[in-house]
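Participant: The following block contains a protein sequence and its predicted model.
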Amino acid sequence: MVSRMLETVFTNQIRSQRPYYIPVGNPIKGVGDRYWLIFEHRDSSDSKSLQQIFTRLFKGKQASHKLLCI
């Protein structure tokens, strides 16, 4: 179970990303007690292709996903 302090950190990170990104799933516990949060851009489509991802990268658009390590 995640401690109360970590829950506060997760909540603050989700709140700061919320205008553009929405959380995907729950925080994932990794090696060395690090946690990972995955966010998806609110405007990204469900049918993602490799071409769409590269188009977003090269045309300066925001990435469709964001990964944060805590």
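Facilitator: Alright, I've got the coordinates. Numbers count the residues shown, from 1 in each chain.

Participant: Tell me the secondary structure at F10.
Facilitator: What DSSP: H, G, I helix; E, B strand; the rest coil gives for F10 is helix.

Participant: Quick check: the gap between the closest residue in space to it that isn't next to it in sequence and D43.
Facilitator: Of all residues beyond its chain neighbours, the one nearest F10 is P27 (5.6 Å), with distances taken as Cβ to Cβ, 6 or more residues apart in numbering. (C-beta placed from N, C-alpha, C; glycine too.) As judged by Cβ to Cβ, to the nearest Å, P27 and D43 stand 23 Å apart.

Participant: and G32, helix, strand or coil?
Facilitator: Per three-state DSSP, G32 ends up helix.

Participant: ok, it - how many residues close by?
Facilitator: The burial count assigned to G32 is 5, neighbours taken as other Cβ atoms under 10 Å.

Participant: Against S16, how distant is it?
Facilitator: For G32, the distance to S16 - Cβ to Cβ - is 24 Å.

Participant: Ok, K29 next?
Facilitator: 21 Å.

Participant: How about L68?
Facilitator: Going from L68 to S16 by Cβ to Cβ gives 10 Å.
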